[in-house]
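> using only what follows, build the 3D model:
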Amino acid sequence: MKAFAILAGMFVIYVGLSASFYSVTEADQVVVTRFGKPVGKPVVKPGLQFKVPFIDTVNRFDKRFLAWDGDANQMVTADKKYIWVDTFARWRIINPLRFFEKVRNETGAQTRLDDIIDGATRTAVSSAKLIEMVRSSNEPLNRGMEIVDSELLDDKSALEKVEQGRAKVQERILELALEPVADLGIELLDVRIKRINYVQSVQRKVFDRMISERQRIAAQYRSEGQGEAARIRGQMQKELKQIESEAYKTSEELKGNADAEATLIYAKAFEKDPEFYRFVKTLETYRKSFDEHTVLVMDANDEFAKYLGGAK
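Numbering: from 1, shown residues only. Okay, here's the model as predicted:
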């Protein structure tokens, strides 16, 4: 019985000590509350800390940067163009006591940030033109953006210079949201526009225009390719004709040279033995003039039959 009492006493002491101390990590900051009300200053340094057991409650808050990702909302620009704007932000808790008193926890903070940043975004967007929302400078982002500009902006506004651009709009949102967020014990580090989209009626126009433009560009490339192919084929035919002409010229020159050389050889042979030359030339004439089916009737004393005197 005595041993049981000792064990029970030790257990109570252990539970009491466990409930009396808590640890704070490098990523934590703590507000201790007693019956729902803060007690003392926030604990921001890491280490082991003491609290009244079973009465005090430890409320932990993150020191690190936290993300806020808002929902896309439909807004109207200064030139009455309706767009969907999707934003995100980074924030951190710098005054845990005020944070606890104002919003209690991160869930409450996210809800308040929804209202504050959404309101600041609407105000900034309503004071900017559409061209300033989709561009950060006077240069179009790409060929597709030129199509969007020509579809959504009238000629006058398309020629206007971008005075602030998207970067300035984001800075304006941050400027508008800083003070109300600071009242919550929060530091808003930055706000960025994640995505801008057009309402459905405008989207269809933009997509149709982009498709038409891409088809026009494709047709232009095909036309240029066909023209280049025709040019290459024409050049090839020209070069082929030139090669054939040069080859024909060379062959005729070779033939002429060969005939001249043959004539020269014949002339030299005639000079050495005229009778033998006449005999050879006559035999060549016979070979070209007659075949096995030729019947020739002529005077035996004819000069042409001179070498056929012995033929039967």
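> what's residue 30 sitting at in phi/psi?
Main-chain torsions, residue 30, degrees, to the nearest 10: phi -120, psi 140.
> tell me if I'm right that it and residue 58 touch.
Yes - using C-beta atoms under 8 Å, residue 30 is in contact with residue 58, at 5.6 Å. Backbone N, C-alpha and C define where each C-beta goes, glycine included.
> between the two, who's got more neighbours?
Set residue 30 next to residue 58 and count neighbours by other C-beta atoms under 10 Å: residue 30 wins out with 20 against 15.
> pairing partners for that one in the sheet, please.
Beta-bridge partners of residue 30, counted by DSSP bridges, are residue 43, residue 60.
> which residues touch it?
Residue 30 is in contact with 22, 24, 42, 43, 44, 49, 58, 59, 60, 61, 96, counting by C-beta atoms under 8 Å, 6 or more residues apart in numbering.
> next, the second one: phi, psi?
In other words, residue 24. Phi and psi for residue 24, reported as degrees, to the nearest 10, are phi -120, psi 120.
> thinking again about what came up before, what do residue 30 and residue 58 both touch?
Shared contacts of residue 30 and residue 58 (C-beta under 8 Å, 6+ apart): residue 22.
> what's the one helix or strand residue 205 maps to packed up against?
Element membership for residue 205 (DSSP states H and E) is helix 200-272. With contacts taken as 3 or more C-beta pairs under 8 Å, 6 or more residues apart in numbering; DSSP states H and E, helix 200-272 sits against helix 143-152, helix 274-289.
> pLDDT of that helix, averaged?
Averaging pLDDT along helix 200-272 gives 87.
> look up phi and psi at residue 27.
The phi and psi values for residue 27, taken as degrees, to the nearest 10, are phi -90, psi 0.
> how many residues are close by it?
Burial of residue 27 is recorded as 11 neighbouring residues (other C-beta under 10 Å).
> same question, residue 123
Residues within reach of residue 123, counting by other C-beta under 10 Å, total 14.
> name the element the nearest residue to it once chain neighbours are set aside belongs to?
Spatial nearest neighbour of residue 123, excluding adjacent residues (C-beta to C-beta, 6 or more residues apart in numbering): residue 176 at 5.8 Å. Residue 176 is part of helix 165-182, with elements assigned from DSSP H and E.
> who are the packing partners of that helix?
Checking 3+ C-beta pairs under 8 Å, 6+ apart, helix 165-182 ends up next to strand 82-93, helix 106-126, helix 130-134, strand 186-198.
> in that helix, what's buried?
Within helix 165-182, the residues scored as buried using 16 or more other C-beta atoms under 10 Å are 165, 166, 169, 170, 172, 173, 174, 176, 177, 178, 180, 181.
> surely the third one touches residue 193?
I take that to be residue 169. Yes - judged on C-beta under 8 Å, residue 169 makes contact with residue 193 at a distance of 7.1 Å.
> common neighbours of the two, please.
Counting by C-beta under 8 Å, 6+ apart, the residues touching both residue 169 and residue 193 are residue 133.
> so what's the residue nearest to residue 123 up against?
Taking C-beta under 8 Å, 6+ apart as the criterion, residue 176 is in contact with 119, 120, 123, 124.
> return the member of the helices and strands packed on helix 200-272 having the minimum mean pLDDT.
Of all those, mean pLDDT reaches its minimum on helix 143-152 (a mean of 46).
> list buried residues within the contacts of residue 176.
Burial by neighbour count, judged by 16+ other C-beta under 10 Å, picks out 120, 124 from these.
> and the two most separated of the contacts of residue 176?
Farthest apart among the contacts of residue 176 by C-beta to C-beta are 119 and 124. That separation is 9.8 Å.
> what about residue 53, which SS state?
coil (DSSP: H, G, I helix; E, B strand; the rest coil).
> isn't it up against residue 20?
Yes - with contact defined as C-beta under 8 Å, residue 53 counts as touching residue 20 (4.6 Å).
> before we move on, the earlier item: and of the contacts of residue 30, the nearest to residue 292?
Taking the contacts of residue 30 together and measuring to residue 292 by C-beta to C-beta, the closest member is residue 61, at 123.7 Å.
> and the closest one, how many neighbours does it have?
A count of neighbours around residue 61, defined by other C-beta under 10 Å, yields 23.
> repeat that for the one 3 residues further on.
As a burial measure, the neighbour count of residue 64 was computed by other C-beta under 10 Å and equals 9.
> kindly report the same for residue 56.
Neighbour count of residue 56, defined by other C-beta under 10 Å: 17.
> residue 251 now?
So residue 251, with other C-beta under 10 Å, has 10 neighbours.
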